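**Q** One predicted model, sequence on top.
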Amino acid sequence: MRRARVFLEAVVVEPVQQRIIVGVNRSKASVAALQWAAGEARLRHTTLHVVHAWEPPPRRASYALVGARSATGQERLQAGGDLAAVMRAAFGRDAPAGVTAELVEGVAERALVARSRGAALLVLGASGTDLAGRPAGPVIRACMRSTQCPLVIITTAVSERAPVPEPVPVS
């Protein structure tokens with residue numbers, strides 16, 4: 001009787017590292033969201049991608065084609081300065097390792113929803129009044145409808161609470 005040889009092959013599958021996306025503007029709520037997202041990325045051992053989307057102010061008639069006018073260099077510099085200011089407010093001079101930033105010219109809702117595909121989380125900031133009895137802003141509403149990953153909304157109230165004290169050892 002002839003014995004068949006059986007070969008077993010083990011396949012090791014590394015989990016895909018999903019990054020956390022955080023959308024920012026120049027608000028206190030954005031700084032709170034960025035700080036929360038950085039802490040969450042650290043806990044999950046993943047990367048953090050900061051997105052600042054901006055639209056150049058319209059200068060054409062309302063019936064002109066959307067996107068027919070490109071932004072000026074000055075407008076790009078201003079948007080880049082806004083992103084840098086939020087990063088400095090959240091992290092100080094140097095951003096932690098694993099943090100990347102992107103400046104996107106376009107509609108914030110579209111940019112964030114597109115970047116949410118394959119992400120672990122999308123994090124946004126909202127002023128405390130945005131969610132306390134009033135409807136959320138248009139960016140948050142659009143992301144609530146269309147995001148491709150879990151959405152976390154951080155309010156400024158989160159950052160204004162007193163920090164939880166460290167336990168004191170009793171001897």
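**A** Great, that's in hand. Since the structure is predicted, the reported quantities are computational estimates derived from the model, not experimental observations. Numbering: from 1, shown residues only.
**Q** Could I get the full set of strands for this protein?
**A** Assigned strands in the chain, in chain order: 20-23, 48-54, 99-105, 121-126, 151-155 (criterion: DSSP state E).
**Q** Would you quantify the distance from L34 to G73?
**A** L34 is 26 Å from G73, where distance means C-beta to C-beta, to the nearest Å. The way it works is simple: take the backbone N, C-alpha and C, and place the C-beta from them, glycine included.
**Q** So these two - more neighbours on which side?
**A** Comparing L34 with G73 by other C-beta atoms under 10 Å, the one with more neighbours is L34, at 26 against 7.
**Q** Report the residue spans of this protein with pLDDT below the cut-off.
**A** The chain contains residues with pLDDT under 70 at 1-2, 4, 6-17, 58-71, 128-135, 157-171.
**Q** Check it for its longest helix and report it.
**A** Identified as the longest helix of the chain according to DSSP state H is helix 73-91.
**Q** got the CA positions of it in CSV?
**A** What follows is helix 73-91, C-alpha atoms only, in CSV (Å, rounded to 0.1, in the frame of the first residue of the first chain):
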residue,chain,number,x,y,z
GLY,A,73,-0.7,80.8,-4.0
GLN,A,74,-1.7,83.2,-1.2
GLU,A,75,-4.9,81.2,-0.5
ARG,A,76,-2.9,78.0,-0.4
LEU,A,77,-0.4,79.6,2.0
GLN,A,78,-3.2,80.7,4.3
ALA,A,79,-4.7,77.2,4.4
GLY,A,80,-1.3,75.7,5.0
GLY,A,81,-0.8,78.2,7.9
ASP,A,82,-4.2,77.2,9.3
LEU,A,83,-3.2,73.5,9.3
ALA,A,84,0.2,74.3,10.9
ALA,A,85,-1.5,76.3,13.6
VAL,A,86,-3.8,73.5,14.5
MET,A,87,-0.9,71.0,14.6
ARG,A,88,1.1,73.3,16.8
ALA,A,89,-1.9,73.9,19.2
ALA,A,90,-2.3,70.1,19.6
PHE,A,91,1.3,68.9,19.7
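**Q** by contact count, what packs against that helix?
**A** helix 28-44, strand 48-54, strand 99-105 (3 or more C-beta pairs under 8 Å, 6 or more residues apart in numbering; DSSP states H and E).
**Q** Make a markdown table from these and add distance to C143 to it.
**A** What follows is those, written out as a markdown table (distance: least, C-beta to C-beta, whole Å):
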| stretch | distance to C143 |
| --- | --- |
| helix 28-44 | 12 |
| strand 48-54 | 11 |
| strand 99-105 | 14 |
